[in-house]
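> Okay, structure incoming, though there's no sequence with it:
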């Protein structure tokens, strides 16, 4: 609990918990399995509590869109699905001390301190934080039989909330590990979102 509280506080504490929605935009480099060559593109991620809209545009090679409207999930690429943000990572950290969430100890990773948060449905996220400042440097989740990992490299504070401005994601897929490196150029918190922001295409 001490580690979870330290991480929660480093993220901005109650200001972090009070964020209604977040929009991130920037550039992304995609690394397909077993390929040293990256594919450049742009990305946008919009989150609002349990809802998610993620778009990656790396034409002509990859155009990917995923939407989670709080109940249903949509992916433009069959078989490629990112778990709902409310089920892992920073979305879970904001609820670490709420009923139904369990915090437990896991082994440390080199200089990083580790802890695990399980949500009421049994999804677990393993967090690794910098012991000196409490910042979340890595987190991992197993979803649908695959491992999803995120590593944060650079942070900036926006309206009192700590935002990762440079981060990478690793997706373990049947064909191998898929990497994406994100550089955030624009952050907006607590915007007025349109009703169709998380509409699933029919």
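Yes, it's here. Quick caveat: nothing in here was measured; it's all calculated off a predicted structure. Numbering: from 1, shown residues only.

> For residue 31, give me phi and psi.
Per-residue torsions, residue 31: phi -120, psi 100 (degrees, to the nearest 10).

> The lowest-mean-pLDDT helix or strand in the chain - which strands sit beside it in the sheet, and in what orientation?
Counting by mean pLDDT, DSSP states H and E, the chain has its least confident helix or strand at strand 73-75, which shows a mean of 87. The strands beside strand 73-75 in its sheet (DSSP bridges) come out as strand 62-68 (antiparallel).

> what's in contact with the strand it pairs with?
With contact meaning C-beta atoms under 8 Å, 6 or more residues apart in numbering, strand 62-68 is reached by 30, 39, 41, 50-57, 73-77, 80-82, 84-85, 198-201. Using the backbone N, CA and C atoms, a C-beta is placed for each residue, glycine as well.

> Show me which positions of stretch 102-121 end up buried.
For stretch 102-121, the neighbour count (16 or more other C-beta atoms under 10 Å) marks 103, 113, 114, 115, 116, 117, 119 as buried.

> And stretch 52-59, by the same measure?
52, 53, 54, 55, 56, 58.

> Tell me where this structure has strands.
22-31, 39-48, 51-58, 62-68, 73-75, 102-105, 112-118, 124-130, 136-143, 146-158, 161-173, 176-189 (DSSP state E).

> closest to residue 13 out of these?
Checking the strands of the chain against residue 13 by C-beta to C-beta gives strand 161-173 as the closest, at 9.2 Å.

> Could you pull up the mean pLDDT of the closest one?
For strand 161-173, mean pLDDT is 92.

> Output the below-cut-off pLDDT ranges for this protein.
79-82, 85-86 (pLDDT under 70).

> Just give me the longest helix of it.
Assignment by DSSP state H gives helix 2-11 as the longest helix of the chain.

> For the protein, which residue occupies the most central location?
Taking C-alpha atoms, centre = their mean, the centroid of the chain lies closest to residue 89, which sits 5.5 Å from it.

> For it, give its distance to residue 148.
Using C-beta to C-beta, to the nearest Å, we find residue 89 at a distance of 9 Å from residue 148.

> Overlap in contacts, those two.
By C-beta under 8 Å, 6+ apart, the residues touching both residue 89 and residue 148 are residue 141.

> residue furthest from the geometric center of the protein?
residue 202 (25.9 Å).

> who's in contact with residue 186?
Neighbours of residue 186 in contact, by C-beta under 8 Å, 6+ apart: 23, 24, 25, 26.
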